[in-house]
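# generate coordinates for the sequence data below:
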Amino acid sequence: MAKVNVFKTKWFIILVSVALVALTVGLSVGLTASYWSDEGGGDTAVAPSGTTYNWNAYAKYFVYSAYSSSDVLIASNFHDGGTLTSSPAYFVCTGLDNSSTLLGDVIFPDNVNYKISGTPGYAPLRRINNTIFNMDSYNEVPTKVVISPYITRVEPSTFANLPNLRQVVISAATPTDTRVVELGIGCFSNCATLESVTCEGQIEVWLEDNAFLGCLKLDTVTRGSAILKYRDTSTSTSTTLTSSTAASVFNKVFGACPELTVPF
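Predicted structure coming up:
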């Protein structure tokens, strides 16, 4: 009888051990699944309310012009962390840094760093010029474009004719961000593989003529609490894009987008 009891005890211990291992693995998987990957390669225990990036990590990939508060050019062909003679009020992105590795994710920084007599400072990136993709060798690289939280103007045709672009995100500084972002005429026109556009926060996105003309695969525009407006540059008037807006107004922005159902 004693031997039988020992045998049963051993099997009981084995079964308990297996159960504990299974429970541990299950909890581990459950905990791992509760984490959300961030864009910097790390994890956060809380689901992001919007897109989160390490914005400054991308500043080195671009070239800028620095401007004063009265819109006077301070310096051109400026690189992040360079030296200026006076403090800028904002920067304009004018191109890509040719010496850098080109990224499929074109993520613009929120601020640009500078130095004056060795003292560091920074100022926001406000605009993106249409000179950024003025070399054909760059056009096939981007698959995603992220407009950072301080940008208020993207010039006409800036991202036109990018053959492999699939996603556009217009970021907000906070969930209650209400800034206005202007997308110039033909800004993303003829991006034939573009599939989705996401607007964060409560921003107002002003779309000029043909902003997304000819985006043949565009089928999703996610605006959440954001406001989309068509801006008629010839009359300086704007129309909010809602379910009651005439289809003709939508077509001025989203013409030749056969996969997109409007209103969204």
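# just checking, Ser157 touches Asn130?
Yes: applying CB atoms under 8 Å, one finds Ser157 in contact with Asn130, separated by 5.1 Å. The C-beta positions use only the backbone N, C-alpha and C, and glycine is treated the same way.
# overlap of the contact sets of these two?
Common contact partners of Ser157 and Asn130 (CB atoms under 8 Å, 6 or more residues apart in numbering): Gly184.
# so Asn164, which of the three states?
Following DSSP: H, G, I helix; E, B strand; the rest coil, we place Asn164 in the coil state.
# list the neighbouring strands of the longest strand along the chain plus their orientation.
For the chain, the strand that runs over the most residues, judged by DSSP state E, is strand 119-128. Strand pairing for strand 119-128, determined by DSSP bridges: strand 90-96 (parallel), strand 111-116 (antiparallel), strand 153-154 (parallel).
# and the pLDDT at Ile147?
Note for Ile147: predicted pLDDT of 98.
# next: Gly104.
Here the pLDDT value assigned to Gly104 is 91.
# what number of residues lie near the residue nearest to it when sequence neighbours are not counted?
Leaving aside its sequence neighbours, Gly104 sits nearest to Thr143 (CB to CB, 6 or more residues apart in numbering; 4.4 Å). As a burial measure, Thr143 scores 16 neighbours (other CB atoms under 10 Å).
# and Thr143, how close does it get to Leu194?
Counting by CB to CB, to the nearest Å, the gap between Thr143 and Leu194 amounts to 10 Å.
# mutual contacts of these two, please.
Leu165, Arg166, Gln167.
# most neighbours among the residues you listed, which one?
With neighbours taken as other CB under 10 Å, the top of the shared contacts of Thr143 and Leu194 is Leu165, carrying 25 neighbours.
# residues touching that residue, list them.
Residues counted as contacts of Leu165 (CB under 8 Å, 6+ apart) are Pro142, Thr143, Lys144, Val145, Phe159, Phe188, Cys191, Thr193, Leu194.
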